[in-house]
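# Build me a structure from this.
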Amino acid sequence: MARYTGPKTKIARKFKEPIYGPDKYFEKKNYAPGMHGNSKRRKKLSEYGTQLQEKQKAKYTYGILEKQFKNTFHKATRKKGITGELLLQLIESRLDNIVYRLGIAPSRSAGRQLVSHRHITVNGSVVNVPSYEVKVGDVIAVREKSKSMEVIQNSLAGKRNSYPWLEWDGNLLSGKMTVLPAREDIPENIKEQLIVELYSK
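All right, here's what the predicted structure looks like:
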């Protein structure tokens, strides 16, 4: 399966929440797509179906393919701690996500593109792998010759959110991950325990 590039509102409606951010079209039709989407007689999901849907929601939210997601989960199981929280920490530590969280890119897909096109550095070296795992203390910055790019300037101008595990220097256009994010500091509405239960079957 290739990375999803279709209508984002359709996916948001599938999960009944705006997983890609504010969406005026989702607000108009905040029910599942299809001819039976607004029906009150829709079949109730099984336990497996609920767990699978939660995994799919996490994959679409962060833009991760199945194999990558499964590998990340297995990496989380090898660490000490609560597997679900460790899974989210690993996903949040992806370079494309950090670029988005710092406000350098307006979306995770835009962050992935900036990384792939070599506009981002980690500790002074260009990194073009979106799934690169950022470690605590790493400095993520916009490459010098890319600082005037319109997409980056517009994204930073509209930056609203700040996160307690990240520091940002607006003058240098660089940021740092100071600590691993705590579960309560991750705003995404993902029930990670359901994902753990699914993979544990």
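
# Low-confidence ranges, this protein, go.
1-43 (pLDDT under 70).

# Quickly list the domain ranges of it.
Residue ranges for the domains of the chain, per automatic domain parsing: 8-90+188-199, 94-179.

# my read is A141 is in a strand, agree?
Yes. Assigned with DSSP: H, G, I helix; E, B strand; the rest coil, A141 falls within a strand.

# hang on, the earlier thing: could I get the domains of the chain in TSV, plus columns for mean neighbour count?
For the C-beta atoms, the positions are set from N, CA and C on the backbone; glycine is no exception. Listed next are the domains of the chain as TSV, based on neighbours: other CB atoms under 10 Å:
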stretch	mean neighbour count
domain 8-90+188-199	15
domain 94-179	17
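
# Just give the closest residue to the residue most central in space within the chain, not the sequence neighbours.
The centroid of the chain falls nearest to Y62 when counting by CA atoms, centre = their mean (3.0 Å). Distances taken as CB to CB, 6 or more residues apart in numbering place I91 nearest to Y62, at 5.3 Å, with adjacent residues excluded.

# Quick check: that neighbour vs G63, distance?
When distance is defined by CB to CB, to the nearest Å, I91 is 10 Å away from G63.

# And for R183?
In terms of CB to CB, R183 sits 21 Å off from G63.

# Strands along this structure, start to end?
120-122, 125-126, 139-142, 166-169, 174-177 (DSSP state E).
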